[in-house]
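no FASTA, just this:
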């Protein structure tokens with residue numbers, strides 16, 4: 001992932017949170033919790049993953065606008081960014 005360290009840290013925090021929430025959902029299913037509780041927590045996991053993905057795409061958009069990339073790679077094109085964004089929709 002390109003972008004600054006702060007953005008990477010935010011994405012990692014969101015993904016770690018989603019990882020913990022998903023473990024909780026698995027435990028809920030194993031414990032036989034009711035459907036409403038499971039789906040509510042699963043929705044929270046999904047939202048956390050979406051937010052991480054959007055943060056990554058936003059970082060890529062910023063890199064494209066500024067022409068900067070920490071790893072020296074070419075910035076993503078508008079078409080590539082659009083494709084990534086639509087993959088999250």
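Yes, it's here. Since this is a predicted model, take the numbers as computed values, not measurements. Numbering: from 1, shown residues only.

And the pLDDT for the residue with the largest distance to the centre of the chain?
In terms of distance from the mean C-alpha position of the chain, residue 32 ranks first, at 28.4 Å (C-alpha atoms, centre = their mean). Each residue has a pLDDT score; the one for residue 32 is 96.

Now for the residue most central in space within the chain: which residues touch it?
With distances taken as C-alpha atoms, centre = their mean, the residue of the chain nearest its centroid is residue 52 (2.2 Å). With contact set as C-beta atoms under 8 Å, 6 or more residues apart in numbering, residue 52 has these partners: 11, 14, 15, 18. Backbone N, C-alpha and C define where each C-beta goes, glycine included.

starting at the chain centroid, how far to the one helix or strand in the chain whose mean pLDDT sits lowest?
Each helix and strand of the chain was given a mean pLDDT (mean pLDDT, DSSP states H and E); the minimum falls on helix 78-88 at a mean of 79. Here the centre of helix 78-88 is set off from its chain's centre by 14 Å, with C-alpha atoms, centre = their mean, to the nearest Å.
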